[in-house]
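Asks: Got a predicted structure plus its sequence, pasted below:
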Amino acid sequence: MVIPRLARRLTVHQFRQQVTSLLVLLLCGALFAAALLIPMLYRGVIVDSAQAAFAGDRYSVVLPDGVEPERSQLVRTIATLPSTITSQTGTAEGVGHVSDSPGFFSAFGVTVQQSSPAGGSGDAPDAGSDAGAESQAGLRVGLSRQAAAAAGADLGDEVTVVPGTGDPLQGQLVRIFSLPADPAAVVAVVESPAGEAGRRYSSGQELEEFLSADALEQALISGADSRTRDVVEEAAPPRLVTVAGYGVPTVAALTVLWVLAAAVLSRPVQQRHRRSLVDAGLTEGQASRVLGLASGSSALVALVVGLLAGVAVVALTAPLLGPAVGQEWLLPRVVATAQPDASRAWLGVLLLGVAAAVVLGPWLRLPVPTSGRWPALTAWTGAALVVLAAVLLLYLWLTQGPVPGWYLAGVLTPVLAAVGATLLVSRGRWRRGPEMSGLDQLGRTTRRRLLPLSLACVILGTTATGTAAFLVSQSVWGTRVNTPLIEGGYIDFFGVSASGIAAADSLDLPAQGLSVTTARVPDNGVRLRVVTPDLAECYEQYVGADLFTADCFSEDPDYSTPFSEPAGLPADLSDTQVRAAPLVLRDGAVTLVVSDEDFIIQRVEQRPATPDPGLGGIYTPSVTLPVIDPLVEEAGLNPEDEFTLRVSGVGDLSRLEYAGIRGELLLNTSSTVFAEDLGYDDDGSYFAGVLLVLVQTLMATAAFLALVAALRQERRSWWPLTGDLKLTARRRLQLIWPYLAPAVLGMLAGAATCAAAVTWMVNNSPMLDSRLVFLAPASAVGLLALAQLRRLTTR
Amino acid sequence: MTLRVESVTIERGQGAAKVVPVRDFSMTVETGSTTALVGPSGVGKSSLLLAVAGRLTVSAGTITVDGADLAAAGSSTRVAFVAQDYSVVEFLSALENVMLPLELTGVGRREAAASAAGVLAELGVGDLADRLPGAMSGGQRQRVAVARALVTRPVVLLADEPTASVDRATGTALVADAIASNRARGGHIVLATHDPVIAALCDEVVQLGEPADLPRSGG
């Protein structure tokens, strides 16, 4: 009984004496919880809606009751479909199509109820409210939040659902789900009545057959899973959720590092406690148990309290934070079922890491090299880096021609800087460590207290810059190789008839601040490709070869275009100008690659063109040719009666306004397939990277300041000790500088990377493309850390 | 009871770093007496005390109480230790510090508290029973440390420069009180000191090292 009581008392004592350290640990726990929870909240919504959308629970999709008549045109089902179904023509209802463009794309099908049900005014549609309702007692009904809100229904209520076709159904509301892609959607999902498992309220026969086949149920569920992964991993907006996702391992590592550093730094205090306990009569083993229990309990309590606080804060603020970033987050009710394995795994990693740090920290001794090979090692490392850079540049030159000057600078400058800095701190008087300054005891004290901190900061700085390199370069690549965003977002409708175009015109969308572009779809435009003039020379090498074997895709975004897009024809057939998306234009010209029916390249030619910002995209033409152009006949670009309609500027609308306009367009254009980009800012990923680096830098700085504060609490802290010895400021700096240098450098590396990223982003600098530029500070910091370690441990 | 140290040699470190602070040392301490170990720094006073306390293994020789090996004698021949820098447990009150050795031997809390309070009062710090060491002066903490050592009625109380961290007046009073309290219990006290005044309070002074190395004589 004595040992646990002592451990409890020591734990309380540590909470009083090491407030700063434990507060930092508590903060780490809270950040970890937030970083883990936020993506899970978002994923939970997607999983939830995907399951509903895919009838994974054998639900049918029907029109809800209680929807206000004026909003009936917004009613849609969310039958997200595999990409095998891309178009349902000739039906009043249609299905949506999933686009793989960057940014966040809604991915739900559309069923439009042309004749509104007599839905009342939004009151809760309870049992018996509809005299004509066919009683289907026992059915389970799910409603989207919007539908539930409109109907005033709550879980457990009896509701009557009036489908677009068929009889009203009555059941109990057992589920209210969220639609992350379209929170404004009004959707009802009803469990299929017994014996009618395949019942679907869609008049599209093909769709109905597809959905109703029981044998395909598993395929649908698999598709839902796949779609969910796609949405989360690829198409989700790269802002807070992405940053938080990347933050999980970072915060976990930071927490473990912090505990380790705190354990190492508190070693003198622990030894004092140990000796006092032994003097009081405890054995060494008993003293170790007391210290271990107390340290573990302190860390665990702080961490768990932090985790709980993080969960509480996220849970309380999720309804505010989610909408603020254009998303809908579900509370932990969904989290519990969303990705429990992942959360358990990460939590396990964190706790194990903390436990290991608590156990190993007090026993950790800093290595003291015994050989004098460091200068040689430094030189060899530097030489290897220079050789590596040279080989890389040579490879680039051989494979891609002359290397741009900025690339050369981007590779060589940081490498040379790192090597130079390493040699600088490894030689001459800078190499002299504090132990060599005649203050052995003070030097050892300084080393024991500051070296772990220094290394922790270095690791944080390296992590920050490495992460920035990854995020920024990935986002730059993703942005530049894909369609440039039309400002304010857009929605494309495909297969629009001439009457649909006319109907869209009648909506007078420009009056609402939207711009409309139309292009006529040729029947076999795939035989004509448009590329930037920079690639003309390459394609000319493949004349006579298969179009698909032409290896002309450069990884340099400046030369990359979606070259497989078909060219279209102008909506106005009297148009005599070649119009092109700005991306494919160079000096007022585009390059067209002409192939025959077998996709054998016939020739490559350039045409002058005028820019049209409405063109360009995965599915919309990058070029429209006048019908009088000889190529139209040669490539068989016969105009069909279908159009592509692009409405730009929709990203500036509210969700509800946007849903209304989309509903109107779907009604009026009879389009069955659409792709949309609501204007999520791809440049946000730059900021995501920068934000992450900033957060990490701030955390490193906070850790540094907290450690300094903790040191000040020591009875014989470093500064008073130096004061007692009457050391001059210069001598103090000489002692402490070697430890501060890598720590400060580690923090500055992240900040410098931020500054560089922002500057280059503003100027659209090609330097953004070079990951090496961002990785260089990390390597420099790492080299300096090694140099410092050697120097600081040399006696 | 007689504490006998016979031909003890203590080695510390290994290889080139090996030192022999105590070589072939012998002494005898009679019941109820107080012995001062004096000598210059590095002569082996602390090592010898640690060896008697069982925290250092002797390379040669024996340490016995009434002929029984001290290390194997068990709890009936308890050894208590007081360090020079008042190593009381920081997170326990004065009373709890003194109770701790008793509780470790299985004494109930109430009984331990009563005994501890008595010893604290004997040493003049009874009114500080509920105070944490951080709120005491150095002398008060050292009195608590001595009380903690005496509370189990040890056969041998070892004190390694117990007055090194306090002023002479405080130290002298502390040692005087400790000696008085110990005599009442019939145990041995062996203390290492540099202070001739403290040494003068003891029944016997044992010189370690060369007398010429002594900083002060008179003990």
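Replies: Alright, I've got the coordinates. Residues are numbered from 1 along each chain as shown, chains lettered A, B, ... in the order given.
Asks: When you work out contacts or count neighbours from here on, use the C-alpha atoms and nothing else.
Replies: Noted.
Asks: Nearest spatial neighbour of the residue of chain B found nearest chain A, chain-adjacent residues omitted?
Replies: Closest approach between chain B and chain A, counting by CA to the nearest CA: residue B:87, at 4.8 Å. Once flanking residues are discounted, residue B:87 sits nearest to residue A:276: 4.8 Å by CA to CA, 6 or more residues apart in numbering or on different chains.
Asks: and for the lowest-mean-pLDDT helix or strand in chain B, what are the contacting residues?
Replies: Here the helix or strand of chain B ranked lowest by mean pLDDT, DSSP states H and E is strand B:68-69, holding a mean of 74. Strand B:68-69 has contacts (CA atoms under 8 Å, 6 or more residues apart in numbering or on different chains) with B:62-63.
Asks: Below-threshold pLDDT in chain B: ranges please.
Replies: Chain B contains residues with pLDDT under 70 at B:1, B:15-17, B:70-77, B:86, B:165, B:210-219.
Asks: Just the buried positions in the longest helix along it, please.
Replies: With residue count as the measure and DSSP state H as the assignment, chain B has helix B:168-185 as its longest helix. Residues of helix B:168-185 classed as buried by neighbour count (16 or more other CA atoms under 10 Å in any protein chain shown): B:170-179, B:181-183, B:185.
Asks: what sits against the residue nearest to residue B:87?
Replies: Applying CA under 8 Å, 6+ apart, the residues near residue A:276 are B:87-89.
Asks: can you rerun that using 10 Å?
Replies: A:270, A:282, A:287, B:82-83, B:85-90, B:97, B:145 (CA atoms under 10 Å, 6 or more residues apart in numbering or on different chains).
Asks: Contact partners for residue 30?
Replies: Just going to use chain A. Counting by CA under 10 Å, 6+ apart, residue A:30 has contacts A:24, A:36, A:251, A:302-314.
Asks: oops, I was thinking of chain B
Replies: B:1-4, B:65-66, B:186-189, B:203-204.
Asks: hmm, back to that, tell me if I'm right that the residue of chain B closest to chain A and residue B:142 touch.
Replies: Yes: taking contacts as CA atoms under 10 Å, residue B:87 lies within contact range of residue B:142: 7.9 Å.
Asks: list residues touching both of those two?
Replies: Going by CA under 10 Å, 6+ apart, residues that sit against residue B:87 and also against residue B:142 are residue B:133.
Asks: what's near enough to touch residue B:117?
Replies: Contacts of residue B:117 (CA under 10 Å, 6+ apart): B:94-96, B:98-99, B:111, B:123, B:125-129, B:147, B:151.
Asks: go again using 8 Å as the cut-off
Replies: Applying CA under 8 Å, 6+ apart, the residues near residue B:117 are B:95, B:126, B:129.
Asks: Spell out which strands sit alongside the least confident helix or strand of chain B in the sheet and which way each one runs.
Replies: strand B:60-65 (antiparallel) (DSSP bridges).
Asks: quick one: the partner strand to chain centroid distance?
Replies: Counting by CA atoms, centre = their mean, to the nearest Å, strand B:60-65 is centred 18 Å from the centre of its parent chain.
Asks: buried set for that strand?
Replies: Quick answer for strand B:60-65 (16+ other CA under 10 Å): B:62-65.
Asks: Was I right to think residue A:545 contacts residue A:601?
Replies: Yes: the criterion here is CA atoms under 8 Å, and residue A:545 meets it with residue A:601 at 5.8 Å.
Asks: Neighbour count: the two, which is higher?
Replies: Between residue A:545 and residue A:601, counting by other CA atoms under 10 Å in any protein chain shown, residue A:601 is the more crowded of the two (25 against 16).
Asks: excluding its backbone neighbours, what's nearest the more buried one?
Replies: residue A:595 (4.2 Å).
Asks: got it, and residue B:84?
Replies: Going by CA to CA, 6+ apart, residue B:84 has residue B:162 as its nearest residue, at 4.4 Å.
Asks: quick one: contacts for the nearest residue to residue B:163 once chain neighbours are set aside?
Replies: Computed as CA to CA, 6+ apart, the closest residue to residue B:163 that is not its neighbour in sequence is residue B:171, at 4.8 Å. The contact partners of residue B:171, by CA under 8 Å, 6+ apart, come to B:139, B:162-164, B:198.
Asks: Out of the contacts of residue B:30, who's the most crowded?
Replies: residue B:189 (28 neighbours).
Asks: Neighbours of residue A:346, how many?
Replies: 17.
Asks: so who does residue A:32 touch?
Replies: Residue A:32 neighbours (CA under 8 Å, 6+ apart): A:247-248, A:251-252, A:307, A:310.
Asks: average pLDDT across stretch A:10-29?
Replies: Averaging pLDDT along stretch A:10-29 yields 78.
Asks: pull the CA atoms of it into CSV?
Replies: These are the backbone C-alpha positions of stretch A:10-29, laid out as CSV (Å, rounded to 0.1, in the frame of the first residue of the first chain):
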residue,chain,number,x,y,z
LEU,A,10,4.6,12.1,-6.3
THR,A,11,2.1,12.4,-9.1
VAL,A,12,0.3,15.2,-7.4
HIS,A,13,3.6,16.8,-6.6
GLN,A,14,4.7,16.6,-10.2
PHE,A,15,1.5,18.3,-11.3
ARG,A,16,2.4,21.2,-9.0
GLN,A,17,6.1,21.3,-9.9
GLN,A,18,6.0,20.6,-13.6
VAL,A,19,3.0,22.5,-14.6
THR,A,20,4.5,23.7,-17.8
SER,A,21,5.6,20.3,-19.0
LEU,A,22,2.3,18.7,-18.2
LEU,A,23,0.3,21.5,-19.8
VAL,A,24,2.2,21.0,-23.0
LEU,A,25,1.5,17.4,-22.8
LEU,A,26,-2.2,18.1,-22.2
LEU,A,27,-2.1,20.4,-25.2
CYS,A,28,-0.5,17.7,-27.3
GLY,A,29,-3.4,15.3,-26.2
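Asks: do it and chain B meet at all?
Replies: Yes: legend: contact between stretch A:10-29 and chain B by CA under 8 Å from any CA of the partner chain is shown at A:10, A:13.
Asks: Out of the contacts of residue B:171, who's the most crowded?
Replies: Going by other CA under 10 Å, residue B:163 tops these with 28 neighbours.
Asks: Confirm that that one lies within a helix, as I assumed.
Replies: No: under DSSP: H, G, I helix; E, B strand; the rest coil, residue B:163 sits outside any helix and is assigned coil.
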